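J.: the following comprises the amino acid sequence and a computationally predicted model.
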Amino acid sequence: MANSSSSGDKIIILDFGSQYTQVIARRVRECRVYSEILPYRTKASTLRAARPKGIILSGGPASVYARKAPKVDKAIYELGIPILGICYGMQLVAHDLGGTVERSNQREYGPGKLEADRKAQLFHKLPSTLTVWNSHGDKITKLPKGFRALGKTENSPHAVIGDTKRDIYGLQFHPEVAHTPKGKIILENFVHRICGCRSLWTMGSFIDLTCAQIRTQVGEGRVILGLSGGVDSSVAAALIHQAIGDQLTCIFVDNGLLRAREREAVEKLFRDHFHIRMITVDAAKRFLTKLRGVTDPEQKRKIIGNEFIKVFEAAARDLKKSTPGHHRFLAQGTLYPDVIESVSISGNPAALIKSHHNVGGLPERMKFELVEPLRQLFKDEVREVGAELGLPKEVVQRQPFPGPGLAVRVLGDITPEKLRMVREADSIVIEEMKASNWYYKVWQSFAVLLPVQSVGVMGDERTYENTVALRIVESRDGMTANWVRVPYDILAKISTRIINEVDGVNRVCYDISSKPPATIEWE
Ligand code: XMP
């Protein structure tokens, strides 16, 4: 791997297919140590050449005694490099080194209490009783030679094992998940105390390394990126631009469903400030024509998704014609949770609640090779990378905005007049949330235009006008959400301003539903 040695010490994680492998990598990054995930079957000679200071064997869905169980090259145990097996990784260590692993009568799933041997390096500075998260069906019934138990739970006398001479350890539980509250310290003890890694890795090192990888992947080729102005595509654009400069062109589609001044802000930042090649496609008319008279939310989403692909394809084709070079790459700001979600989506009915708008269909249709430099990161890490690259707070800390834009915030059919009302109301919400320092504290805060008119009075005049609903929610990941108890004063200010300033609106309501059962967006 390109210049990883310049970032100092490294941990290699051998992946056995656990859903948590990337979380382990993240925890190692939190120790400010570089980590690399490699397939479980990586040869010991390759590992030796990579010179890691430690190896972590991830969990995985298999049983070590299954016929096709994934196995490591046993020579890794002779490398003299500290090893930590987690869950399946631990059972493999025990199995490979001469212990016995058996199916347990009871699958252990959920929280457990660990009694830890506090003298063990792994538990340095930790209390003797720890809450841990279990998820396994097998257990170790006989330890390999040289190993002893370093921790036990109610169901297992061998919840933690170790050969302290060879520095090979195993944890039956998952230290990487939040449900093991002190798990991070256990991993820190492994990485720093046992492997001796220093804290040299920073987001700056991530940027250097990723830029080198992008250059290697792309060579002299040209990359196209669909820029939405959201956090992920913005950070991806800035990062790829840092790596390959003018070989990158961003395509920004103005679908007529954007917020006030959004297009100008994106152009100003990327074209004028970062000097990134950028094409804006003015497709507002096209989208609004297609959407005319459509009231069904799913249909709106489908129309917008399809139209986006068509517009993007046409822009990419034009670009190929007008710019020489090999246009072979499509960049996307895919993050790790997107990767996981698209995997778990198969068979998951939750995915059918709303069809999310993305460029998923593009790579296959246009025979692009993907460039996805953020694929291993979590959202907060992407924000850190963005800040490091010099993107302003308004971009890196921006609230999520749905791909179909204001179309799903105008309930019922969409007209330019309704878009104007929701756009103006939205601006007021953003302004007031920022002014009161609430904007960055919540997950999302926005206005929805309802297809409801009601009677009001302005001066001495009777009015019969539209209703705006305010939606302000807090959430960790958008999967569940709570409505926020913002101070009444702020609600009052927003409501007064919307009614006074937005022509056509005479009533504002506050949405006090949580998700589930309501969703965050109204459509
Ligand atoms: P819901 O409405 O499903 O939204 O509770 C959860 C989160 O996802 C955002 N959202 C979208 N994001 N494309 C996106 O990129 C979409 O089509 C889309 N629909 C909803 C929503 O704003 C919230 O943060």
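T.: Received the coordinates, thanks. Numbers count the residues shown, from 1 in each chain.
J.: sketch out the low-pLDDT regions of the chain for me.
T.: When residues are selected by pLDDT under 70, those of the chain lie in 1-7, 339-365.
J.: break it into its domains for me.
T.: Taking automatic domain parsing as the criterion, the chain consists of the domains 10-194, 203-396, 409-510.
J.: just name the most buried of those domains.
T.: Highest mean neighbour count among these (mean count of other C-beta atoms under 10 Å): domain 10-194, with a mean of 19. Placement of C-beta: from N, CA and C, glycine included.
J.: hey, which strand is longest across this protein?
T.: strand 100-116 (DSSP state E).
J.: what's in contact with that one?
T.: Applying C-beta atoms under 8 Å, 6 or more residues apart in numbering, the contact partners of strand 100-116 are 63-65, 91, 94-95, 122-123, 126-142, 150-156, 159-160, 173, 179.
J.: may I have stretch 168-179 as PDB, with CA atoms only?
T.: Provided in PDB are the C-alpha atoms of stretch 168-179 (Å, rounded to 0.1, in the frame of the first residue of the first chain):
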ATOM      1  CA  ILE A 168      -1.700 -13.900  21.500                       C
ATOM      2  CA  TYR A 169      -5.100 -13.100  23.000                       C
ATOM      3  CA  GLY A 170      -8.800 -13.800  22.400                       C
ATOM      4  CA  LEU A 171     -12.000 -12.000  23.400                       C
ATOM      5  CA  GLN A 172     -15.200 -13.900  23.200                       C
ATOM      6  CA  PHE A 173     -17.300 -10.600  23.300                       C
ATOM      7  CA  HIS A 174     -17.200  -7.600  21.000                       C
ATOM      8  CA  PRO A 175     -15.000  -4.800  22.400                       C
ATOM      9  CA  GLU A 176     -15.600  -2.600  19.300                       C
ATOM     10  CA  VAL A 177     -19.300  -2.000  19.800                       C
ATOM     11  CA  ALA A 178     -20.800   0.800  21.900                       C
ATOM     12  CA  HIS A 179     -22.600  -1.900  24.000                       C
END
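J.: residue most distant from the centroid, the protein?
T.: Asp460 (52.8 Å; C-alpha atoms, centre = their mean).
J.: which other helices and strands does the lengthiest helix in the chain contact?
T.: The longest helix of the chain (DSSP state H) is helix 297-322. Packing contacts for helix 297-322, counted by 3 or more C-beta pairs under 8 Å, 6 or more residues apart in numbering; DSSP states H and E, involve strand 222-226, strand 248-254, strand 277-282, helix 284-291, strand 327-331, helix 362-366.
J.: for it, the distance to its chain's centre please.
T.: 24 Å (C-alpha atoms, centre = their mean, to the nearest Å).
J.: that helix vs strand 327-331, what angle?
T.: 140 degrees (axes from the mean of the first three to the mean of the last three C-alpha atoms, to 10 degrees).
J.: the inter-axis angle of helix 297-322 versus strand 222-226?
T.: Interaxial angle, helix 297-322 versus strand 222-226 (the same axes, to 10 degrees): 160 degrees.
J.: before we move on, the earlier item: nearest to the ligand, out of the helices and strands packed on helix 297-322?
T.: The ligand lies closest, by C-beta to the nearest ligand atom, to one member of those: strand 222-226, at 11.8 Å.
J.: partner strands of the closest one and their direction?
T.: Within its sheet, strand 222-226 is paired with strand 248-254 (parallel), strand 327-331 (parallel), according to DSSP bridges.
J.: and the next element down the chain from the longest one?
T.: Just to be clear, that refers to strand 248-254. helix 262-266 (DSSP states H and E).
J.: what does that next one contact?
T.: Under the contact criterion C-beta under 8 Å, 6+ apart, helix 262-266 has outside partners Leu227, Gly229, Phe252, Asp254, Thr280, Glu394.
J.: can you do 7 Å?
T.: Under the contact criterion C-beta atoms under 7 Å, 6 or more residues apart in numbering, helix 262-266 has outside partners Leu227, Gly229, Phe252, Asp254, Thr280.
J.: same check on stretch 402-413?
T.: 255, 257-259, 291, 293-295, 297, 300-301, 304, 356-358, 414, 418-419, 422-423, 446-451, 521-523.
J.: how about 6 Å then?
T.: The contact list for stretch 402-413 (C-beta atoms under 6 Å, 6 or more residues apart in numbering) reads 257-258, 293, 295, 300-301, 304, 357, 414, 418-419, 422, 448-451, 521-523.
J.: in the stretch 101-250 of the chain, what residue lies closest to the ligand?
T.: For the stretch 101-250 of the chain, C-beta to the nearest ligand atom, closest residue to the ligand: Gly230, 7.3 Å.
J.: need the domains of the chain in JSON lines with distance to Pro516, can you?
T.: Formatted as JSON lines, the domains of the chain follow (distance: least, C-beta to C-beta, whole Å):
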{"stretch": "domain 10-194", "distance to Pro516": "21"}
{"stretch": "domain 203-396", "distance to Pro516": "10"}
{"stretch": "domain 409-510", "distance to Pro516": "7"}
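J.: show me where the stretch 51-200 of the chain has its strands.
T.: 54-57, 83-86, 100-116, 129-142, 148-152, 160-163, 168-171 (DSSP state E, counting those that start in this stretch).
J.: can you add distance to Arg409 and give the ones you listed back as CSV?
T.: As requested, those are exported to CSV (distance: least, C-beta to C-beta, whole Å):
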stretch, distance to Arg409
strand 54-57, 45
strand 83-86, 44
strand 100-116, 40
strand 129-142, 39
strand 148-152, 52
strand 160-163, 51
strand 168-171, 47
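J.: keeping just the C-alphas, turn stretch 220-233 into PDB.
T.: Provided in PDB are the C-alpha atoms of stretch 220-233 (Å, rounded to 0.1, in the frame of the first residue of the first chain):
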ATOM      1  CA  GLU A 220      -4.100   9.700 -16.300                       C
ATOM      2  CA  GLY A 221      -7.900   9.000 -16.500                       C
ATOM      3  CA  ARG A 222     -10.700  11.400 -15.900                       C
ATOM      4  CA  VAL A 223     -13.200  11.300 -13.100                       C
ATOM      5  CA  ILE A 224     -16.800  12.600 -13.000                       C
ATOM      6  CA  LEU A 225     -18.500  13.300  -9.700                       C
ATOM      7  CA  GLY A 226     -22.200  14.100  -9.100                       C
ATOM      8  CA  LEU A 227     -22.000  17.000  -6.600                       C
ATOM      9  CA  SER A 228     -25.100  17.600  -4.600                       C
ATOM     10  CA  GLY A 229     -23.700  20.100  -2.100                       C
ATOM     11  CA  GLY A 230     -24.300  17.600   0.700                       C
ATOM     12  CA  VAL A 231     -21.500  16.600   3.100                       C
ATOM     13  CA  ASP A 232     -20.500  13.400   1.500                       C
ATOM     14  CA  SER A 233     -20.200  14.500  -2.200                       C
END
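J.: could you give the separation of that stretch from the chain centroid?
T.: Remark: stretch 220-233 is offset 17 Å from the chain centroid, using C-alpha atoms, centre = their mean.
J.: what are the contacting residues of it?
T.: By C-beta under 6 Å, 6+ apart, stretch 220-233 touches 237, 247-252, 262, 266, 312, 316, 325-331, 333, 335, 359, 371, 398.
J.: could you rerun that using 7 Å?
T.: 234, 236-237, 240, 244, 247-252, 262, 266, 270, 278, 312, 316, 319, 323, 325-331, 333, 335, 359, 371, 374, 382-383, 386, 395-396, 398, 401.
J.: and stretch 192-207, by the same measure?
T.: Contacts of stretch 192-207 (C-beta under 7 Å, 6+ apart): 7-9, 11, 29, 31-34, 53-54, 82, 121, 124, 167, 191, 239, 242, 384-385, 388-389.
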